[in-house]
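> Predicted coordinates and the sequence they were generated for:
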Amino acid sequence: MKKWTVMLIPHDRGSTRTLNLSSLHFWGGVSLLALLVFSTAFFYQRDRKQARNAQVRREHIRALEWRLASTPQTVSQAGISDAELKAIEARMSLDYESSIAAITAELAELHDMEAKAREIHLLEPRETGQDASASGGGGGKGGPLTGEQGVGFTAVEAKYRPPQVIYGMLRPSADLILR
């Protein structure tokens with residue numbers, strides 16, 4: 001077995017180092033380096049191939065979506081006649097109206113129950129939406145009232161979040177709840 005000696009000599013005054021290598025160590029290091037280079041190249045090529053395939057699939061999907069969007073879909077293609085379509089619409093409308101009626105009845109029952117609970121516990125009835133907004137909210141702590149809304153509360157937010165309107169109505173409708 002062949003042996004090599006590698007000496008590391010620094011330019012300044014330092015101790016030299018000696019490294020003894022056998023041919024087995026040398027060829028083991030070379031083969032390890034070759035294996036690392038081969039595996040890196042293999043995985044890089046595989047990743048590039050998968051990226052190309054994914055791009056081709058995305059383009060194919062876009063083409064199919066465009067083709068699907070460009071072909072007009074009619075009810076007659078689905079095998080439904082106009083009479084069947086009208087019957088389905090009528091049934092869905094009836095289901096919608098019955099669900100709205102059920103929600104409204106449930107809400108009215110809850111409102112009555114709240115009114116009875118307030119009466120039992122000797123609490124004042126809820127204020128209407130106009131009274132609650134006009135009172136200025138009284139009871140809070142903080143700075144003086146300025147008449148202007150705070151920085152975090154906007155008119156758009158008030159439009160989408162009107163709890164005083166829902167609580168202030170005698171019989172709120174389901175449309176108001178859904179809104």
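On my side now, so go ahead.

> Give the buried residues for stretch 101-119.
Ile103, Thr104, Leu107, His111 (16 or more other Cβ atoms under 10 Å). To be clear about C-beta, it is placed using only N, CA and C from the backbone, and glycine gets the same treatment.

> now the third one: how far from Ala115?
Between Leu107 and Ala115 the computed distance is 13 Å (Cβ to Cβ, to the nearest Å).

> what does the second one give?
Using Cβ to Cβ, Thr104 is found at 16 Å from Ala115.

> Repeat that for Ala101.
21 Å.

> quick one on the thing from earlier: out of the buried residues of stretch 101-119, which is nearest to Asp95?
Ile103 (12.6 Å; Cβ to Cβ).

> in which helix or strand would I find the closest one?
helix 82-120 (DSSP states H and E).

> Quick one: mean pLDDT over that helix.
Average pLDDT, helix 82-120: 89.

> Run through the neighbouring helices and strands of that helix.
Packing partners of helix 82-120 (3 or more Cβ pairs under 8 Å, 6 or more residues apart in numbering; DSSP states H and E): helix 174-178.

> all helices for the chain, in order.
Taking DSSP state H to define them, one finds helices in the chain at 23-70, 82-120, 129-134, 155-160, 163-168, 174-178.

> ok, and which of these has the densest surroundings?
helix 163-168 (a mean of 16; mean count of other Cβ atoms under 10 Å).

> right, and Lys2 touches Ser23 too?
Yes. Shown here, Lys2 and Ser23 form a contact pair, counting by Cβ atoms under 8 Å, at 4.5 Å.

> would a markdown table of the helices of the chain with distance to Met7 be doable?
Compiled in a markdown table, the helices of the chain are given as follows (distance: least, Cβ to Cβ, whole Å):
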| stretch | distance to Met7 |
| --- | --- |
| helix 23-70 | 16 |
| helix 82-120 | 91 |
| helix 129-134 | 91 |
| helix 155-160 | 79 |
| helix 163-168 | 86 |
| helix 174-178 | 87 |
